[in-house]
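how would this look folded up:
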Amino acid sequence: MTSYNDMPLSYIINNYSDLCKLLMIDEPNSKLTTQLATTKALLAYKTTYTLPKSVQYHSATSHLIENLMFRAIQHWCCISFKIVPIDLELIKNDTPKTILYCVAAISMITTTTTKNQIENHSKRNKKRKVYDKSAEGFKKDVGFYFYERAVNYLNEVLFNEDDEEQLSEIAIQCYFCLSYTSNLLRLTNEQRTWHYLACDLLKNRVDYIHISPALKQCWYRWYYIDAWIGLSLNMECLLPDKLPFRIKRPPQQSKKNNEDDDDCCLMSNDTLYEFVLMTQYMRRFNRCIQSNTLIQSYPNLTNELEYWWSNIQNKNLHLSICYHSMRLVIMFALLQHLDQVNFELLLDGLNITLEILKGLQELKLMKCDQSTYHHMFFAIHKTLKAILSHIKQKEEEFGYLESFARQQFEMNLCCLEGTDAFINDLYSMRTIGSMIEDDLYSLGYIHSDEVTSTKRYIHVFRTIKST
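Sure, this is the predicted structure:
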């Protein structure tokens, strides 16, 4: 029997209007409700990252790019965190083409206006939604075409018009966008290349830091990204642990009367500064892990970190999720090395995972994209398994914590299945969901008729071992 995922994909694309429908984008002067193009065998198509010339032509039309950029502006709270510190004004006016095509690809893949849903009844006698995968696969491939165009236009911004040897700050921002877009398209080697180029250019431009606010913001942002990659993937940081310039808290900006609480996920200069302070702790923890001194350093360093965190007012939502994500990685590493744990540590671990789930759910309630944190669902699951292992070692002492751990296992899977990344199968989220279901079945938390999985090993953090 042919599975749904094995069905060949084909599309009708006669003109620009058809392309808009397939990509779920409102055509100019069209009705608000957009219908997907009928998927019939007029244009045979397979995911090979090679689009037919007719599709390339329609994909390159200015109308499509304008619509995608308009969508990005509408969803700026979702887009901005991915490409910060690029300012919204740069997106609205005179956008460099590399950034333009990257933002268009990100906007198309990670933000949606409609979904083609089919309902059926599962064995649980509950309605489940099945999503038409054909349009999403096509969107990712058009996104790859945009990414290729973004790379081709990079030469236009690598050199200033006045001095071809002088690289501009815009080039660094282009590397940021290319890095995120390549990661979104699962081009791991290319993402690492853009990461290296961004770090190298930042170090070469450090002498200009005091005359270029944009360059300082780029340093603030990539200082965190570089540290997160090092901490979570056990890679050596490319930027130094100690910033090569003094940092100063930016002046507080008063909140305008017309701003509402939904702006809590928008990135500001003040938030970038807090990310720098958090990253300094992150790098200290990472050095402890690398030198095998985490167990000895954890109590005092954690007290410092928690004291800093408790004194931050009006915490940004992304900052909060990243803070608890950092603590989750550290907690997982600690649990792997400890033979004996105490009640407070297990409770702290459960609280960390709960805070991440709360933050992700808050993003969903705000209708914001969660794809930036796609890796955290499996990380939460593996950390909960480590916590559960310690609970079972001393059931008489910690046994009553298992019910809390079980609730979080189920919450995590429920939140994962509700994300657009799972629905659209970005980052192999369907496979990760299946693996989590398998584990919950083995633990006796769900029944066998609820598991429909295909096993595949996924690397998340440095200390995870194949089971």
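
surely residue 301 meets residue 285?
Yes: shown here, residue 301 and residue 285 form a contact pair, counting by Cβ atoms under 8 Å, at 6.4 Å. All C-beta spots, glycine's among them, are computed from the backbone N, C-alpha and C.

So which of the two has more stuff around it?
More neighbours surround residue 285 than the other of residue 301 and residue 285, with 23 against 17 (other Cβ atoms under 10 Å).

Contacts made by whichever strand or helix holds the more buried one with the rest, please.
Assigning secondary structure by DSSP states H and E places residue 285 in helix 269-290. For helix 269-290, the surrounding residues in contact (Cβ atoms under 8 Å, 6 or more residues apart in numbering) are 84-85, 217, 220-221, 223-224, 227-228, 230-231, 237, 241, 243, 247, 249-250, 252-253, 294, 297-298, 301, 304-305, 308, 312, 316, 318-319, 322-323, 326, 330, 333, 462.

Low-confidence regions, the stretch 151-300 of the chain specifically.
Applying pLDDT under 70 to the stretch 151-300 of the chain picks out residues 159-167, 252-264.

Mind jotting down where the helices sit in it?
155-158, 169-184, 188-204, 213-233, 269-290, 294-310 (DSSP state H, counting those that start in this stretch).

For PyMOL, write the select line for the buried members of the contacts of helix 269-290.
Buried subset of the contacts of helix 269-290, written as a PyMOL selection, criterion 16 or more other Cβ atoms under 10 Å:
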select buried, resi 84+85+217+220+221+223+224+227+228+230+231+237+241+243+294+298+301+305+312+316+318+319+322+323+326+330+333+462
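
so residue 219 sits right up against residue 246, yeah?
No: at 11.9 Å, residue 219 does not count as touching residue 246 under the criterion of Cβ under 8 Å.

quick one, phi psi at the residue nearest the centre of the chain?
Central residue of the chain (Cα atoms, centre = their mean): residue 372, 1.1 Å from the mean position. Main-chain dihedrals, residue 372, degrees, to the nearest 10: phi -60, psi -30.

Residue 402 - how many residues pack around it?
Using other Cβ under 10 Å, residue 402 is surrounded by 15 other residues.

if I look at it, how far off is residue 391?
Using Cβ to Cβ, to the nearest Å, residue 402 is found at 5 Å from residue 391.

ditto for residue 278
According to Cβ to Cβ, residue 278 stands 29 Å off from residue 391.

sorry, back to before: touching, the residue nearest to the centre of the chain and residue 79? I think so.
No: taking contacts as Cβ under 8 Å, residue 372 lies outside contact range of residue 79: 10.3 Å.

Go through stretch 90-107 and flag the buried ones.
Within stretch 90-107, judged by 16+ other Cβ under 10 Å, the buried ones are 90-91, 95-107.

Relative to residue 381, which of the residues you listed is nearest.
The shortest approach to residue 381 among those belongs to residue 106, at 26.5 Å (Cβ to Cβ).

Counting by contacts, list what the helix or strand where the closest one lies packs against.
In the assignment (DSSP H and E), residue 106 maps to helix 97-110. Judged by 3 or more Cβ pairs under 8 Å, 6 or more residues apart in numbering; DSSP states H and E, helix 97-110 is in contact with helix 62-74, helix 76-83, helix 88-92, helix 133-152, helix 155-158, helix 169-184.

okay if I get those helices as JSON lines plus distance to residue 362?
Below are those laid out as JSON lines (distance: least, Cβ to Cβ, whole Å):
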{"stretch": "helix 62-74", "distance to residue 362": "20"}
{"stretch": "helix 76-83", "distance to residue 362": "12"}
{"stretch": "helix 88-92", "distance to residue 362": "22"}
{"stretch": "helix 133-152", "distance to residue 362": "25"}
{"stretch": "helix 155-158", "distance to residue 362": "36"}
{"stretch": "helix 169-184", "distance to residue 362": "22"}
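
looking at those helices, which is buried most?
Among the helices and strands packed on helix 97-110, helix 169-184 has the highest mean neighbour count (mean count of other Cβ atoms under 10 Å), at a mean of 24.

now it: how far from the chain's centre is it?
Offset of helix 169-184 from its chain centre (Cα atoms, centre = their mean, to the nearest Å): 14 Å.

More neighbours: which of residue 219 and residue 246?
More crowded of residue 219 and residue 246, by other Cβ under 10 Å: residue 219, with 25 against 7.

and that one, what does it touch?
By Cβ under 8 Å, 6+ apart, residue 219 lies in contact with 202, 206, 209, 243, 245.

now do residue 190
So residue 190 contacts 178, 182 (Cβ under 8 Å, 6+ apart).

these two touch, right, residue 348 and residue 328?
No: the criterion here is Cβ under 8 Å, and residue 348 misses it with residue 328 at 10.7 Å.

Looking at the two, which has the bigger crowd around it?
Higher neighbour count among residue 348 and residue 328: residue 328, with 22 against 15, using other Cβ under 10 Å.

and the host helix or strand of that one, what does it pack onto?
Per DSSP H and E, residue 328 falls inside helix 317-337. Applying 3+ Cβ pairs under 8 Å, 6+ apart, one finds that helix 317-337 contacts helix 213-233, helix 269-290, helix 294-310, helix 343-365, helix 376-393.
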